[in-house]
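1. with the input below, show me the fold.
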Amino acid sequence: MNRDGARKSIWQEEIKKFSPDPALEEWYDVAIVGAGITGMSTAVRLQKEGQKCIVLEASNIGFGTTGGTTAHLNDFFDTTYAQAIKDFGLRNAKLLKYVGIEAKNIIRNNILEFNISCDFQSKPGYLFALDDEQEKKLDTILKGASQVGHPMAQTDDIPFPFAFKKAAAIPDQAQFHPIKYVRSLAEAFIRLGGVLVEDCLCESHDENGDFVVLQSTKGSITARSVIYATHIPPGINMLHFMNAPYRSYAIAFRLKGDFHPKELGYDLAEPYHYYRTQQIDGESLLIAGGEDHKTGHADDTGECFSRLENYVREHFDVDTAVYSWSSQYYEPVDGLPYIGVLPGSKGKIYTATGFRGNGMIFGTITSQILGDLILKGSNKYKDLFNPERIRPITGFANFVKEQATVVLDFVKDKVFAEKMNSLAELSEGEAKVAKYDGESYAVYKEKGGELHLLKSTCTHARCEVRWNSAEISWDCPCHGSRFNVNGKMLTGPAVKNLQRIEL
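-> This next block holds a predicted model:
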């Protein structure tokens, strides 16, 4: 299967295209844009409830972060319960506790109902502090978990080869194969009467009274409700200024010897490292992740893989690095996702974004939240994850910092481009934003000398794109849109390709 990067993830040994193109009808109850775990989970839920649904996918199922996740299924989150208590109050933090529990139950129920084989395994997770600063973090995490009643206990032993200062065990966590799971959801959705259309880019929407008209590359459709399950919605919306795009890196290693940790592991570094194993073709591989950074803000993304690999080899007895890949997620300004009615819409368009590093869980619970909002008008998590919530204090410092960075990106890249005086400065395999004859271009020279020349301005909000050497892509540092060397859009919120200049 294809995904939104040049590097192959551990999950990609699957079919490239899921289904033949069905004929589009004019009208549906719900149109879901995006066929990752968020879109397919929600589509199955609504189709089971008697809604006439269509899923529009710009590429193929699992093309985005679902095909690049490390697929940890946790009921503790990157935003800790201690932080949630501080920012949202104890009552809301206790409500948050049930999100992971209910999401895992949804996954289990789908596996049973649709007879899904996706390597699902329940297992404990371990948090471990490697220095004094991390130990303080863990103490706070344990205290917050105790306050909300989440099972998390200090332990003197962990199954990971680290000299740790303090550790905690968390029971009943889980893992699975995300593409096997989402593919089976797609099959179930079609059996239930749903329509899935791949290679279908949704270009725009028009909300008119009781319905929404979607314009796509395969025609227009009308629906009572639209769900953008696309990480971040298209267009220019307040959510683009309340979420920051980040990239995370993962490597899957062959293991030497018979010993390897079968549990889930996480240190408390900043950014943290995380570990699990996965059976692929009968072989157990160690998956390690980390080295996260804001999209477009690493001078050499290849170094991120090198640092991660070197760190893993210092601590684990590993052999070959079989797979290495990166994926994208969005950091919400106040730490919790935005799941609900799209801000600025008239109530018929829904979105789900800001999942941090917990996309499999929040993508799954979206099916319950948005399903209930569409069918019943309410859900117990509605206010907690309301995209229109206003919190002037919580996260404000981070919001200012992120948006100051966005403003800087608008200016700094323009100045940088002025310093480039000709395309001849490029070596084979090199890429730059270059100034030529009074215009700025994104230029990539293949080995062999062929030039790929694009206008360097992102088609979403007019930022200048930056080169990602690890994934061979042009990434926008402002809102996370990504494009291949030919200018084709890989990741939204952009809906148009970069302008290609034929040489």
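2. low-confidence regions, the stretch 1-150 of the chain specifically.
-> In the predicted model, the stretch 1-150 of the chain carries pLDDT under 70 at residues 15-16, 19-20.
3. now do 80
-> Scanning the stretch 1-150 of the chain for pLDDT under 80 picks out 1, 14-21, 23.
4. next, the most centrally placed residue in the chain: secondary structure please.
-> The chain has Tyr329 as the residue nearest its centroid, 3.6 Å off, counting by Cα atoms, centre = their mean. For Tyr329, the assignment made with DSSP: H, G, I helix; E, B strand; the rest coil gives strand.
5. run through the bridge partners of it.
-> Tyr246 (DSSP bridges).
6. so how far is stretch 299-318 off the chain centroid?
-> With Cα atoms, centre = their mean, to the nearest Å as the basis, stretch 299-318 stands 21 Å off its chain's centre.
7. try stretch 183-201
-> Stretch 183-201 sits 20 Å away from the centroid of its parent chain (Cα atoms, centre = their mean).
8. same question for stretch 345-360.
-> Chain-centre distance of stretch 345-360: 11 Å, with Cα atoms, centre = their mean.
9. now it - C-alpha only, PDB.
-> Listed in PDB are the C-alpha atoms of stretch 345-360, where the atom choice follows Å, rounded to 0.1, in the frame of the first residue of the first chain:
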ATOM      1  CA  SER A 345     -19.600  26.000  10.300                       C
ATOM      2  CA  LYS A 346     -23.400  26.000  10.600                       C
ATOM      3  CA  GLY A 347     -23.400  22.800  12.600                       C
ATOM      4  CA  LYS A 348     -23.400  20.200   9.700                       C
ATOM      5  CA  ILE A 349     -19.700  19.800   9.400                       C
ATOM      6  CA  TYR A 350     -17.600  17.900  12.000                       C
ATOM      7  CA  THR A 351     -13.900  17.500  12.700                       C
ATOM      8  CA  ALA A 352     -11.500  15.500  14.800                       C
ATOM      9  CA  THR A 353      -7.900  16.700  15.300                       C
ATOM     10  CA  GLY A 354      -5.200  17.400  17.900                       C
ATOM     11  CA  PHE A 355      -4.700  13.800  19.000                       C
ATOM     12  CA  ARG A 356      -1.000  14.300  20.000                       C
ATOM     13  CA  GLY A 357       0.600  10.800  20.100                       C
ATOM     14  CA  ASN A 358      -2.600   9.000  20.900                       C
ATOM     15  CA  GLY A 359      -4.200   8.800  17.500                       C
ATOM     16  CA  MET A 360      -5.400   5.200  17.600                       C
END
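10. list the residues that contact the spatially closest residue to Phe114 that is not a sequence neighbour.
-> Distances taken as Cβ to Cβ, 6 or more residues apart in numbering place Ala188 nearest to Phe114, at 4.3 Å, with adjacent residues excluded. Heads up, the C-betas are built off the backbone N, CA and C, glycines and all. Residues in contact with Ala188, defined by Cβ atoms under 8 Å, 6 or more residues apart in numbering, are 44, 110, 113-114.
11. is Ala188 in a helix, a strand, or coil?
-> Quick answer, by three-state DSSP: Ala188 is helix.
12. so for stretch 302-321, mean pLDDT?
-> Taken as a whole, stretch 302-321 has an average pLDDT of 94.
13. count of neighbours near the nearest residue to Gly209 once chain neighbours are set aside?
-> The spatially closest residue to Gly209, leaving aside those adjacent along the chain, is Lys346, at 8.0 Å (Cβ to Cβ, 6+ apart). Neighbourhood size, Lys346 [other Cβ atoms under 10 Å]: 12.
14. again, but for Leu96
-> Leu96: 23 neighbours (other Cβ under 10 Å).
15. three-state assignment of the residue nearest to Gly209?
-> Per three-state DSSP, Lys346 ends up coil.
16. wait, it touches Glu207, no?
-> Yes: if you go by Cβ atoms under 8 Å, Lys346 and Glu207 touch, sitting 4.9 Å apart.
17. ranges for the strands of the stretch 151-300 of the chain?
-> For the stretch 151-300 of the chain, strands defined by DSSP state E, counting those that start in this stretch occupy the ranges 153-155, 166-175, 195-197, 202-208, 211-216, 219-228, 243-255, 264-267, 274-280, 283-294.
18. Tyr181 contacts Arg108, correct?
-> No: when contacts are counted by Cβ under 8 Å, Tyr181 is not listed as touching Arg108 (11.2 Å).
19. between strand 274-280 and the host helix or strand of Asp319, find me the angle.
-> Using DSSP states H and E, Asp319 maps to strand 318-332. Angle, strand 318-332 to strand 274-280, by axes from the mean of the first three to the mean of the last three Cα atoms, to 10 degrees: 120 degrees.
20. which parts of strand 318-332 are buried?
-> By 16 or more other Cβ atoms under 10 Å, the buried positions in strand 318-332 come out as 318, 321, 323-332.
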